[in-house]
Structure formats: structure tokens, C-alpha cells
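Participant: Could you look at this predicted model? Sequence included:
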Amino acid sequence: MTRKSYVIFVLISFFAFAKAYSQGITVQPSKPTASEIYEDLKKLNFLGSVLYVAAHPDDENTTAISYFANTVKARTAYLSLTRGDGGQNIIGPELRELLGVIRTNELLAARATDGGEQRFTRANDFGYSKHPDETLAIWNKEEVLGDVVWAIRTFKPDVIINRFNHRTPGSTHGHHTSSAMLSVEAYDLAGDASKYSDQLQYTDTWSPQRQFFNTSWWFYGSREKFEAADKSNLVKVDVGTFYPGLGLSNTEISSLSRSQHKSQGFGNTGSRGTSDTYFELLRGEMPTNDDVFQGINTTWTRVKGGKAIKTILDNLVATYDFTAPDKSIPQLMKAYALVQQLEDTHWKNIKSKELETIITAVTGLYLEAKADTNYATTGSSIKLDIEAINRSTQSVMLKKATVTVTDNVVASNQPLENNERYTTSTTLSVSDDFKETSAYWLREEGTLGMYKVADQQMIGKPETPQENTVTFDLIISGVPISITKPIVYKYNDRVKGEVYEPFEIVPAVSSRLESKVIIFAKAESKKIPVTVTAHQANFTGTVMLDKPSGWTVSPASYDVSIANKGEEKEFVFTVTPPAGDSEGDLSPRVVSGGKTYTKELIKIDYAHIPLQSLFLPNKARVVRLDIARKGNYIGYIQGAGDAVPDNLEQIGYQVAVIDPATITPELLSQFDAVVVGIRAYNVVDEMQAKQPLLLDYVKDGGTLIAQYNTSGRWGNTKIGAPYELTLSRDRVTDENSEVRILAKDHPLMNFPNKLSQQDFQGWTQERGLYFPNKWSSEYTPILSMNDKGETAKDGSLLIAAYGKGHYIYTGLSFFRELPAGVSGAYKLFANMLSVGKQEQQDIKQ
Ligand SMILES: [Zn+2]
């Protein structure tokens, strides 16, 4: 899918369901309709909570979440143990932590659509895992369990629902089973004050009333087996509710929510009608009807002082006027004042927030604090524009607008008359009190299985809370109310119209290395440019390049002087490797005014999520290795996106990235080899039409290397191999699993680099995925490997002669290994590119 068609799709989904983006994504102001306000009013009267637990963004049953949030009107949260860093990305090149940021925001967009809330733990999705034993060894089990306990103690669910079965390890992703096992364990621990007692300085113990497993026929193996199964322990719920006020049913909302998982290609078409969902009771008393809250008090009488509030709100729902929602204002303010007196701070905070949203909506109140820039450093100043308008017949007084972190008063004693816009501007110095905005879970380097988060109260939050806000103290119908708005930035785009962006507090300077891995294929020095970007005007300092021992860098430092905000300058260091094999990290360091800056700015900009500005630890892997190669000019066809072309240039190849539409026999004839990027046959339609030309190129003596494509979800993807080859879901996830060389004398293992088992050491994340499991006799399998307890998988690297050339299909994860600087993977790739070129002269590096 091209980026263009994708943008159009997002716009369409906006029109189809305007509520999207109105709740979860905080930069975009919420503008609910009279019907949506009515639904929210009804929700005010429900005091019950459901926590849905699974492992990854996209595991959750969005129809069930929509049902609980919109039909039952419960507080409904999805606890995804991970942010999905280990997945694939079909919309761009971001992988690992950057993909985790995209998927975090896709979940927030999904929740904004279906009305749920979002939570996480510190567990990192380290990639596919076949068994919970492995998962819980790589995650820090005690910490992740503690985070699930923390989620239960702070969210305080009456009902917990697990997506997966905790009793069937090995039947699905190890993360999935682990999520259910940890949820079952945490159910008891959350109520036990002797467990994770450090948490109790911030919250109380909590004991949920019921726990379910959201089962379906899938977990029984077939629809027939499910039909026949004993269902006495299952609660059956019809989740297909239709809302005339929204024009949608849960199953339609669910597909809009699910379609937010764009990086996973989860675009989903809605359905309508009755839809049965099953919940198997694990803990608590079996309900006698389809109400998972049966017997649990979910009304205002659950809290002391709630009865009077219930009376007001019941009346408001009964008398709500869709043509004049502002008639509700006096009663809503009365309810608001009573909520402020509640002793129960849990419900007081929740219901105050809900009431603020509804009061803002019925008052037609628009409050905005806009900066004149989307980022600033502490010590600089910004222009802040305030807009306030009351579009109701009720009187509203703006007592005071205050910058929350600094107490600067930016407006005071301003009556807001019906539909009369009030604006004011002020210049504000950004003091040290302003809070850092970059993703909190990425500020420190974690481990393979865990993020490092020092502040207990941050754990579980979906994103860094926006604390750089303006508080509007108002008096509405005689009752004081404070409404807080984040400082935002907005601009007009001539295509998209109004665009909101978060206002970010950034470090004074960031630096960048061009490549994340730099290979020294001979003992000569390389010129390594470091780009320094100033995020404030008149920046001065020095830049250095830290190196591994045995390596030399010159000069030792440069003076940096940058006049304008946003301007960048390049400084070139000469880096010389030691004589023998060696590897380590290069990292730039900028020093200014006694402070050291080591971070790199990475922006992630897609239409379906807010612009992300991340400041991450900055380093490049440097590897000194002796590597030989044949051939020089490589054609590369990008699939879903990978960094392999840059990596091949590191070992001296000249790489041309080919637009598949332009493929002709003449174009192909220039290349010494052509490489097809990951999942190209899955995602690039043009490949089907061009594959015959690629095979002709092989027949005439060329080398074609195809990297992994998925089987399964995308249907019958045709990879167009010259001889029969069947893709499977075979994968080897243990990056340390033994690799057995089946074809020791084959050129791929010997020419021009002699490979041994040692070259398969130090691999990262996995060996490979979607290996073929059947192939015709023309192919030679080169390697054999498997995860513990499994049969040998021999399809990771297959080669066949075709005409005068060679066809190679490989599911080995070169797209992960090359960017990580794994030397054995580089040698193997050089051998693949050199196949059939024994007669050619050695290429001089
Ligand atoms: Zn999953």
C-alpha cells in the first residue's frame, strides 16, 4: 500500500466515526455531538470496571472492549503487557523500540475509537517465543508480575478478563500464555498487603470479584468441538449492540478500532448483527445471567455520599434535551460540586474527569493554550496564545488561566459571554519547571526483556503524561471548576487542514551518526560524520566521539557554534580500527555549559498517530572484520522496508534501490546480483508482474536472492520461485540455537569467505522465520537448525541453479543481523552475492 492511499483511508475513517481521536489522543481537542454527550451522561451513572489482559497491541477483543465501554458503560481498560516492539512493520522501516512507539499510539487510537483506556507493563516484546518458560526467563517475571499487580491495584477492576488460556502452554505465543498466567497469579496477590508492599505507599490493595477467560471456538480446535463442549461454566454475551445515536454497532466500532493497527496490516471490515462472545469463569461466583457484574454494586450507592449524586444524574439522563444540551449545566454543576466532597478519592478523581468532559461539551466550551512552536528548550521563551469561548446560554466566568508548572497567570477575571471569543497572548519563559516530554520508557537503556522505569508511578502509563498544561479556573452556574489543557502546537496544512502536534520540551542539542553499524572490512581508517542539531538559538559547545579501546579517533573534539534553532552542522571524525578483528560502540557526546548531551532525535510521522519526537541513546556499532566479496553492483527491491541496502554498502557494494515498476531486462542486466527485500511478495503488488523478468535475469546468469515472506494471513502469496517451494510458519526463535552445516563443501559456505559454526555466534533476536518446509530436488538446503525440543528445520537457506544463474531463498533474519553488526551474517551475505563468480577477479576493497 502506498503512503498516499493510506492517508486517504485515514481521512475516510475520520468522517465515518468522528468520535475517534476524541478521547485517547490528547493533542486533538474533543468535540462530541449531542448524542455522544448523552452516551457519556449514562456512563456517569455506572461505577464498575473491567480490565482486559493480553500480551500485545492487537491481541485484544475490540468488540468485547466496545461492548463493556459502550453498552455496559463500565470503565474498561486493556492491559497489554508489551508495546509490540518485536513485531513486523508493514508501513515503514521502524523496528524494535520505534515500532513499539508506533504500536503504543495505534492502541491509543484504537481505545479512542472503542471507548476503552490503555495500560502497559515494563515487559518488552523481544520477539516470537514458543513457550511461557522461555518468555518468563527473558522477562523479569517478578517485575512483570508486580506490574500486573500494580495495574490491578491502581485501576481497581471488579472483573478481569484474560484473552488467553493460562492452562495450555506451548499452544500459542509464549507471551500470550504468560499474560494469562500472570493475570491469574496477580488476581490473588493484588489483595495481599504483604506482596509488593512498596507499591502501597502510592495505592491500596485491591481484590477483584471475578476473573474470566474470553474463550472462543478457536481455543477448542474447531467450531464443531466448541458446539459439543460443556458450556455450564461459560457466560454467553451478545455483544452486537447497535447505538442509534452513533449510527454504529459494537462490531462496527470494533472494526474501526482494529483498523488502527495499521503497522500490522489489520485493516478490518465491520459486520452487523447478533454476535455471541463467551467468558469462561475462572474465579468468583458464576453469574446466573449474561451480566459479568451480577451482584456487584455498580451504582453511585457504592460510594459514601453517592446517593444524592445518583438522584441528580438519573434525572439528568431522563430529561436530557438533544436540541439544547446546555439546559443540563446547572444540574451537572450541582453534581460536580457533590463529587468534590466525596471521601473516596478513586471514584472522585474518575467521575470529576468524566464530568469535566461532559460539562465542557454541554457548555460548548472551547479552551486552548497554543505555543508558537512545536518544541522548545528550557531557558528559551515561547509565545502562548490562549483562546476561551462559551457557546451556551449559561454564564461562565474565567477567573484565572495559569501555566500549571510555573504558576504564571496568563488571564484573569474574564466573563465569557455566549459565543464571544476571548483571546490573549503572552510571552512565556520556559523554566526548568517544564517537564521532559520524550517517551518515558525509552529514557534509559533496558534489557532484552524489560524496559527500565525508575518512577513507580509512571509504570503502566501508556505515554508520558502531558504535564506542561494551562489550568483554566472557571465559575459555571456559580460553581468553581478547574479544567486543564495541554499546551499544544497547531498549524494549517494546505492538504490536511488543521493539524495539532504535541508541544515538546527538548534538550538543547542532539547528535546523529549516519549509520547504526559501520563495518571496517580492512584495517584502514574511515571518515565518520557526526551531525549536531541545535534545538535553541546561539548554541555553543564541543563535540567528541567516544570509541572502543584499541580504536583511534581524530581530532579529539570540535568546537560547535550554531546560530539558529533547528540548524545542524556536520563534523567529520577519522576513525581507525585496530589490526585484528574487533567490535564495539561509537557514541557522540556534546558538552555545553557543564552539561553533557548524548541523545539522538528520532521523529516518527504517520497520519494515523500524533508526531512522535524521541530522544534516544545514540551510538553506532563498529566492526572490524576481514571479509572478501565478488561482484560490485547490486540491485535491491524494497519490500516492507529494511536497512539491508545501507548495510551492503558498508562492506563495499554499490547498491541501487530499484522501483519495481521500472524493472526491465536492460535494467537488470547491469547488476551482479539482485536482492528482494523482506516481504516484498506480500506487500508489493508489482512483484507478480515483474517476477518473470527476474527469473529470465537468473536464467541468463544472474543471481536473485529473495528474503523472507510470510505465509498464511496474506493468503496465498506467490513468491514465483523457479522450482516448487512451499512457505511454512516454521521459525527458529532462539538466536543461540545450534546451526548445523548440511552442505559443508558448497560455495555458499566457502567462497570467498570460509564459514564455520563460529559465524553463527552472536546473532540477535532470532535465527529466522517462515522457512520453506517443502521444496523440489533442484534446491540444495545449506543449513539445519531448530529450537529446543523441535524437529530439524532445513529450509532457512535454499539455493538452486536455474539456467546459467542462481536462485536463493532465505528466511534467515538478515534484516535484523546486519543492522546489529553481526559479522557472520555479513560474511554469509557476501558469499550469497558472490555465488557463481569464482572465475571473476577479486574485488579490491
Ligand atoms: Zn499477540
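Facilitator: Happy to help now that I have it. Small disclaimer: the values here were computed from a predicted structure and weren't measured. Numbers count the residues shown, from 1 in each chain.
Participant: Can you show me the strands along the stretch 301-450 of the chain?
Facilitator: In the stretch 301-450 of the chain, the strands defined using DSSP state E, counting those that start in this stretch lie at 366-371, 375-376, 381-389, 396-403, 409-416, 422-429.
Participant: Hmm, I typed the wrong one, I wanted the stretch 701-845 of the chain.
Facilitator: Counting by DSSP E, counting those that start in this stretch, the strands of the stretch 701-845 of the chain are 703-706, 725-732, 739-741, 768-775, 780-781, 783-785, 797-802, 805-810.
Participant: out of the strands of the stretch 301-450 of the chain, deepest packed?
Facilitator: strand 375-376 (a mean of 23; mean count of other CB atoms under 10 Å). In this view, the C-beta of every residue, glycine as well, is placed from N, C-alpha and C.
Participant: That strand pairs with which strands?
Facilitator: strand 504-505 (parallel) (DSSP bridges).
Participant: if we can go back for a sec, compare the strands of the stretch 701-845 of the chain and give me the one nearest Trp551.
Facilitator: Evaluated over the strands of the stretch 701-845 of the chain, closeness to Trp551 peaks at strand 739-741, with 29.8 Å, by CB to CB.
Participant: for the closest one, packing partners?
Facilitator: Counting contacts by 3 or more CB pairs under 8 Å, 6 or more residues apart in numbering; DSSP states H and E, strand 739-741 packs against strand 783-785.
Participant: Report all helices and strands that the strand it packs on contacts.
Facilitator: When contacts are defined as 3+ CB pairs under 8 Å, 6+ apart, strand 783-785 sits against strand 739-741.
Participant: show me what contacts the residue nearest to Leu51 when sequence neighbours are not counted?
Facilitator: The shortest distance from Leu51 to any non-neighbouring residue, by CB to CB, 6 or more residues apart in numbering, is to Pro157 (3.7 Å). Residues near Pro157 by CB atoms under 8 Å, 6 or more residues apart in numbering: Ser49, Val50, Leu51, Ala77, Trp206, Pro208.
Participant: low pLDDT regions in this structure?
Facilitator: Across the chain, the ranges flagged by pLDDT under 70 are 1-26, 712-716, 840-845.
Participant: got the residues of it near the ion?
Facilitator: With CB under 5 Å from the ion as the criterion, the chain comes near the ion at residues His56, Asp59.
Participant: sorry, back to before: please give the element, helix or strand, for the residue nearest to Leu51.
Facilitator: Pro157 is part of no helix or strand when elements are defined by DSSP states H and E.
Participant: so what's whichever residue of the stretch 201-350 of the chain sits closest to the ion closest to, chain neighbours aside?
Facilitator: For the stretch 201-350 of the chain, the residue closest to the ion is Gln264, as judged by CB to the ion, at 9.6 Å. Of all residues not flanking Gln264 in the chain, Asp58 sits nearest, at 5.5 Å (CB to CB, 6+ apart).
Participant: Give the burial count for the one you found, as a bare number.
Facilitator: Neighbour count of Asp58, defined by other CB atoms under 10 Å: 20.
Participant: Pull the contacting residues for it.
Facilitator: Residues in contact with Asp58 (CB under 8 Å, 6+ apart) are Gly84, Arg103, Arg258, His261, Gln264, Phe266.
Participant: again, but for Gly446
Facilitator: Arg122, Asn124, Lys452.
Participant: Let's see that with 10 Å instead.
Facilitator: Gly446 sits next to Glu97, Arg122, Asn124, Lys452, Val453 when contact means CB atoms under 10 Å, 6 or more residues apart in numbering.
Participant: what about it, distance to the ion?
Facilitator: For Gly446, the distance to the ion (CB to the ion, to the nearest Å) stands at 20 Å.
Participant: Same check on Tyr558?
Facilitator: 47 Å.
Participant: And Ser178, by the same measure?
Facilitator: 11 Å.
Participant: Around that residue, how many other residues sit close by?
Facilitator: Neighbours around Ser178, by other CB under 10 Å: 27.
Participant: show me what contacts it?
Facilitator: Taking CB under 10 Å, 6+ apart, we find Ser178 in contact with 55, 81, 123, 129, 131-136, 139, 141, 144-145, 164, 166, 169.
Participant: That one belongs to a helix?
Facilitator: Yes: looking at Ser178 with DSSP: H, G, I helix; E, B strand; the rest coil, it is inside a helix.
Participant: For Asp473, the count of nearby residues, please.
Facilitator: Residues within reach of Asp473, counting by other CB under 10 Å, total 17.
Participant: And the one 4 residues further on, by the same measure?
Facilitator: Burial of Ser477 is recorded as 19 neighbouring residues (other CB under 10 Å).
Participant: Could you do the one 5 residues further on as well?
Facilitator: Neighbour count of Ser482, defined by other CB under 10 Å: 14.
Participant: can you pull the buried residues of the helix or strand hosting it?
Facilitator: Using DSSP H and E, the element containing Ser482 is strand 479-493. Counting neighbours by 16 or more other CB atoms under 10 Å, one finds that the buried residues in strand 479-493 are Val479, Ile481, Ile483, Thr484, Lys485, Pro486, Ile487, Val488, Tyr489, Lys490.
Participant: Equivalent analysis for stretch 705-725, please.
Facilitator: Neighbour-count burial for stretch 705-725 [16+ other CB under 10 Å]: 705-711, 717, 719-722, 725.
Participant: before we move on, what about stretch 257-272?
Facilitator: For stretch 257-272, by 16+ other CB under 10 Å, it's Ser257, Arg258, Ser259, Gln260, His261, Lys262, Ser263, Gln264, Gly265, Phe266, Gly270.
Participant: give the contact list for the residue nearest the centre of the chain.
Facilitator: Geometric centre of the chain, nearest residue: Arg103, 2.1 Å, by CA atoms, centre = their mean. Counting by CB under 10 Å, 6+ apart, Arg103 makes contact with 56-58, 80, 82-85, 87, 89, 94, 125, 260-264, 609.
Participant: do that again at 8 Å, thanks
Facilitator: Per CB under 8 Å, 6+ apart, neighbours of Arg103: His56, Pro57, Asp58, Arg83, Gly84, Asp85, Gly87, His261, Ser263, Gln264.
Participant: where does the fifth one fall, phi/psi-wise?
Facilitator: The one in question is Gly84. phi 80, psi 30 (degrees, to the nearest 10).
Participant: Surely it and Pro57 touch.
Facilitator: Yes: if you go by CB atoms under 8 Å, Gly84 and Pro57 touch, sitting 4.3 Å apart.
Participant: now, which of the contacts of Gly446 lie within helices?
Facilitator: Per DSSP state H, helices hold the following members of the contacts of Gly446: Glu97.
Participant: Closest to Glu356 out of the contacts of Gly446?
Facilitator: Of all these, Glu356 sits closest to Val453, with 28.2 Å by CB to CB.
Participant: That closest one - how many residues pack around it?
Facilitator: 21.
Participant: cool, and Ser549?
Facilitator: 7.
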